[in-house]
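Trainee: below is the sequence, then the predicted model.
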Amino acid sequence: MSAYAHADACFRVTLKKEKMDTYLSGGALLALSGGKDSVLLLSLFSRYAEEKGIPFAAFHLHHGIRGAEADADRDFCKALCERLGVPLFISHASVPDIARETGEGIEAAARRVRYGLLTQTAEEKGFSAVLTAHSATDNLETVLLNLLRGGGGNGLCGIPPVRPLSDGIFALRPLIALTADEITAALTDVSLACVVDSTNADTAYNRNYVRKEILPRLAPLTPAPERAIFRMTENVRTDMAFLDALAKDAFERIYDGEALDAEGFAELPEALRYRAFRLFYAEKAKNAPLPEQVHVRALFERMAQRGDFAVCFPGGVRVTRRGNKLLCGETVDFFHPYTKVHIGCNRLADGSLLWLLEESSKPLAQIVYTLSIQRTLASATIEGELYVRSRLDGDAYRYGGMTHKLKKLFSDRKIPTHMRSRVPVLCDGRGILWVPFFGVRDDGVKKEGALTAIYLAAEDVPADFSDFG
């Protein structure tokens, strides 16, 4: 059997085994980068779609990362799709700018933007599936990275062959059983051209380091590490599905449509409790990302103590215990992921005011001084742009010669838990610069030409106040 025929056979076996045809009734949008994996996927699926009468189109994202090289990739994809008669949708995004704005790494931002645009385009065009060209080698890399991050069972599941992206749209990975070597051999077999992303050789990226430095060293241990890990991920997914089913049954027993029975929840085995809480969280905090395990463990520790409590989760969600009821609701994450601020007056999302004033703005400073908290910042020490965000778990900064944790500062000042996400944390490129009610970062001492920061809480803003500077 030729290498291309072998790839086609594996592709079709995966489609059948994972029942992918059931998700293709509305057609598919195929993610096409121009790299070898996606070019092979386009070749194989074009033939399959023609046989089955499945409407589909390709999608290419120009990430704004590699300049002329990325332009050439886009042009390659256009020419390839024109030759095959496949419609192609192209989107552009400046991932580096997005990563700087959100504080994400380039890889994480690119992935989020890519899937967001794929899902959006699929919804707009009426497709029911998104096809991506993940391989068994990608799956192996993912599992290794998840292990090194200390991931749990979900991390050991690797890349799922099928996963939901939104209501009615699913991501399908029909090449997931093929290794990178098999994909390369299939392309060579039929002389299919592809593009090469120069950043794939940069081992500063974690995935590239694993691919270049770690995977080649596995050969003495096993001749086919991708196959071994692929079998493991299939086994783990089966076990995880069983646990998820048990957790769903448990959740339905202790959830009344509004709250969880706190005692019944606390009595669940931890593996089921964790899963039941994620179901509860997804139900009650629909607009927030699911919590990480570290946050859920903090909740479990708090539940082991007596009494009512409120715990704030990232994304502006508060979980509260009232008697035997565990409640969960979205609060406003006023400054998430962050809000840029500028010289002059900044009206924040909760109605509070933050001024950043130069020396020439003294009259305004005098007007609001008696109603506000005022601090002087040293403009000479400010690095990068200024922004505010809500506090995060573990936040700390140094002032007065000591490092202070925000959690303790807020607690000592008796700021109510549900109000703490409303206190803006003023940051620059080096981290936290100032938090209202507390000190300025140690290197923010007063100097000539320094900025003055003034904060006026929303409840202190006069109803008739209209001069925002």
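Mentor: Ah, there it is. Numbers count the residues shown, from 1 in each chain.

Trainee: now do the buried residues in stretch 175-182.
Mentor: L175, I176, A177, L178, T179, A180, E182 (16 or more other CB atoms under 10 Å). All C-beta atoms are positioned from the backbone trio N, CA, C, and that covers glycine.

Trainee: so, low pLDDT: which residues of the stretch 101-250 of the chain?
Mentor: Low-confidence segments of the stretch 101-250 of the chain (pLDDT under 70): 102-103.

Trainee: just the helices in it please.
Mentor: Under the criterion DSSP state H, counting those that start in this stretch, helices of the stretch 101-250 of the chain are mapped to 106-125, 136-148, 153-156, 180-189, 206-209, 225-254.

Trainee: reformat those as a markdown table; add distance to C10.
Mentor: Listed next are the helices of the stretch 101-250 of the chain as a markdown table, based on distance: least, CB to CB, whole Å:
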| stretch | distance to C10 |
| --- | --- |
| helix 106-125 | 24 |
| helix 136-148 | 9 |
| helix 153-156 | 23 |
| helix 180-189 | 8 |
| helix 206-209 | 23 |
| helix 225-254 | 11 |
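
Trainee: which of the ones you listed sits closest to A396?
Mentor: helix 106-125 (23.7 Å; CB to CB).

Trainee: any idea how far G264 is from F11?
Mentor: Going from F11 to G264 by CB to CB, to the nearest Å gives 46 Å.

Trainee: who has more neighbours, those two?
Mentor: F11 (23 against 15; other CB atoms under 10 Å).

Trainee: which element is that one on?
Mentor: Element membership for F11 (DSSP states H and E) is helix 3-17.

Trainee: what's the answer for F59, then?
Mentor: F59 belongs to strand 56-62 when assigned by DSSP H and E.

Trainee: related to what we said a few turns ago, could the buried residues of stretch 175-182 be laid out in JSON lines, adding distance to T417?
Mentor: JSON lines is the format used below for the buried residues of stretch 175-182 (distance: CB to CB, whole Å):
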{"residue": "L175", "distance to T417": "48"}
{"residue": "I176", "distance to T417": "44"}
{"residue": "A177", "distance to T417": "49"}
{"residue": "L178", "distance to T417": "51"}
{"residue": "T179", "distance to T417": "51"}
{"residue": "A180", "distance to T417": "49"}
{"residue": "E182", "distance to T417": "54"}
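
Trainee: identify, from those residues, the entry nearest to Y455.
Mentor: Set against Y455, the nearest of the buried residues of stretch 175-182 by CB to CB is I176 (51.7 Å).

Trainee: ok, that closest one - contacts?
Mentor: By CB atoms under 8 Å, 6 or more residues apart in numbering, the contact list for I176 reads T14, H134, S135, A136, N139, I159, P161, F230.

Trainee: ok, the residue nearest to the last one when sequence neighbours are not counted - how many residues close by?
Mentor: Read it as F230. Using CB to CB, 6 or more residues apart in numbering and skipping the chain neighbours, the partner closest in space to F230 is A136 (5.1 Å). Neighbour count of A136, defined by other CB under 10 Å: 26.

Trainee: residue contacts, the closest residue to L88 other than its chain neighbours?
Mentor: Ranked by CB to CB, 6+ apart and with sequence neighbours excluded, the top spatial neighbour of L88 is C81, at 4.0 Å. Going by CB under 8 Å, 6+ apart, C81 touches L32, L42, A58, P87, L88.

Trainee: repeat that for L356.
Mentor: V341, H342, I343, G344, N346, L377, L386, L451, T452, A453.

Trainee: quick one on the thing from earlier: just put the contacts of I176 in CSV and tack on distance to A3.
Mentor: Supplementary listing: those in CSV, determined by distance: CB to CB, whole Å:
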residue, distance to A3
T14, 17
H134, 19
S135, 14
A136, 15
N139, 20
I159, 23
P161, 22
F230, 19
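
Trainee: of all the helices of the stretch 101-250 of the chain, which gets the most neighbours per residue?
Mentor: helix 136-148 (a mean of 20; mean count of other CB atoms under 10 Å).

Trainee: what helices or strands is it leaning on?
Mentor: Applying 3 or more CB pairs under 8 Å, 6 or more residues apart in numbering; DSSP states H and E, one finds that helix 136-148 makes contact with helix 153-156, helix 180-189, helix 206-209, helix 225-254.
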